[in-house]
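>>> let's see this in three dimensions:
(one chain, ligands or ions: 1)
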Amino acid sequence: MTCDAGQNSPAAVLFDMDGTLVDSEKLWSVALDDYAKHRGGALTEATREAMVGSNMTRSMRMLLADVGIPDSDAEVDAASQWVAARMVELFELGLPWRPGGPEALRGARSLGIPTALVTSTIRSLTEKALETLGRDSFDVTVCGDEVGGNNKPHPEPYLKAARLLGVDPAECVAIEDSPTGVASAEAAGCLVIAIPCEVPLQPGPHRVLRDSLEDVDFAALGELFTRAA
Ligand SMILES: [Mg+2]
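The predicted structure follows:
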């Protein structure tokens with residue numbers, strides 16, 4: 001693994017959104033619980049945990065299975081629209097940052113490192129979140145409904161972000177909070193800074209575990225490649 005963009009800068013930093021930059025996984029839990037109740041059921045903790053980092057369609061199929069409703073395409077579409085609308089309401093009440101989130105985006109920007117947002121969340125809802133994150137914070141944004149159904153843990157979201165930036169994914173740092181997201185970024189060949197939020201993460205050969213974004217030194221990201229090599 002190499003890092004050519006100076007000794008201390010990766011080719012790009014690719015940020016996950018939910019649970020990494022913003023503390024939105026708790027809001028997802030509210031919206032998903034509300035929908036389960038709306039349909040007369042309940043979402044189990046195990047199913048909720050398995051959804052973290054996943055895309056809307058897959059999550060809705062799991063939710064419908066949990067509440068005992070056949071997951072027809074029409075039911076999945078209806079559930080997706082209901083949950084997305086509820087999420088917009090919750091985002092409007094206030095989308096909390098994860099600790100160090102604003103500083104991380106500013107840090108990458110001030111060092112001139114290209115950045116991408118790589119999220120499983122659909123574009124319409126991501127646009128709402130970008131009102132908090134700042135549209136100028138990213139050179140490119142890749143959403144869950146823009147990867148041809150090849151959602152995380154498939155590598156395509158990270159590969160697409162690297163393609164759009166014109167960089168080698170092996171020279172990029174991805175920052176993720178979920179096992180699903182870490183698997184996607186690693187499969188794309190990125191070096192991953194893994195910062196758990198709702199679900200524990202295990203050590204691995206292409207990942208560096210941190211407790212918080214506040215512990216990431218953006219001026220010295222290149223050194224992580226040396227250490228992980
Ligand atoms: Mg996430």
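
>>> tell me how many other residues surround His206.
Look at His206: counted by other CB atoms under 10 Å, it has 17 neighbours. The C-beta positions use only the backbone N, C-alpha and C, and glycine is treated the same way.

>>> could you do Ala79 as well?
25.

>>> over to Lys37?
Lys37: 12 surrounding residues under other CB under 10 Å.

>>> and what of the one 4 residues further on?
Here the count is done by other CB under 10 Å, and Gly41 has 15 residues near it.

>>> Ala12: what's it in contact with?
Contacts here follow CB atoms under 8 Å, 6 or more residues apart in numbering; on that basis Ala12 touches Ile113, Pro114, Thr115, Ala116, Asp139, Ala161, Ala162, Leu165, Val167, Glu171, Cys172, Val173.

>>> and Thr20, by the same measure?
Thr20 makes contacts with Arg98, Gly101, Ile175, Glu176, Asp177, Gly181, Ile195, Cys197, Leu213, as judged by CB under 8 Å, 6+ apart.

>>> try it again with 10 Å
53, 98, 101, 104, 117-119, 174-178, 181, 193-195, 197, 213 (CB atoms under 10 Å, 6 or more residues apart in numbering).

>>> swap in Ala79?
So Ala79 contacts 32, 35-36, 38-39, 56-57, 59-61, 63-64, 67, 69, 71 (CB under 10 Å, 6+ apart).

>>> now the buried members of those.
Buried subset of the contacts of Ala79 (neighbour count, 16 or more other CB atoms under 10 Å): 32, 35-36, 39, 56-57, 59-61, 63-64, 67, 69.

>>> so which of those residues sit within helices?
When DSSP state H defines the helices, the subset of the buried ones among the contacts of Ala79 inside them is Leu32, Tyr35, Ala36, Met56, Thr57, Ser59, Met60, Arg61, Leu63, Leu64, Val67.

>>> Glu171 versus the closest residue to the ion within the chain, what's the distance?
Nearest residue of the chain to the ion, counting by CB to the ion: Gly19, 3.7 Å away. To Glu171, Gly19 is 25 Å away according to CB to CB, to the nearest Å.

>>> what residues does the chain put near the ion?
Neighbours of the ion within the chain, by CB under 5 Å from the ion: Asp16, Asp18, Gly19, Gly53, Asp177, Ser178, Gly181.

>>> could I get those residues as JSON lines with secondary structure, pLDDT and neighbour count?
Formatted as JSON lines, the residues of the chain next to the ion follow (DSSP: H, G, I helix; E, B strand; the rest coil; pLDDT from 0 to 100; neighbours: other CB atoms under 10 Å):
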{"residue": "Asp16", "secondary structure": "coil", "pLDDT": "98", "neighbour count": "30"}
{"residue": "Asp18", "secondary structure": "strand", "pLDDT": "95", "neighbour count": "26"}
{"residue": "Gly19", "secondary structure": "coil", "pLDDT": "95", "neighbour count": "23"}
{"residue": "Gly53", "secondary structure": "coil", "pLDDT": "84", "neighbour count": "28"}
{"residue": "Asp177", "secondary structure": "coil", "pLDDT": "97", "neighbour count": "27"}
{"residue": "Ser178", "secondary structure": "coil", "pLDDT": "95", "neighbour count": "27"}
{"residue": "Gly181", "secondary structure": "helix", "pLDDT": "97", "neighbour count": "30"}
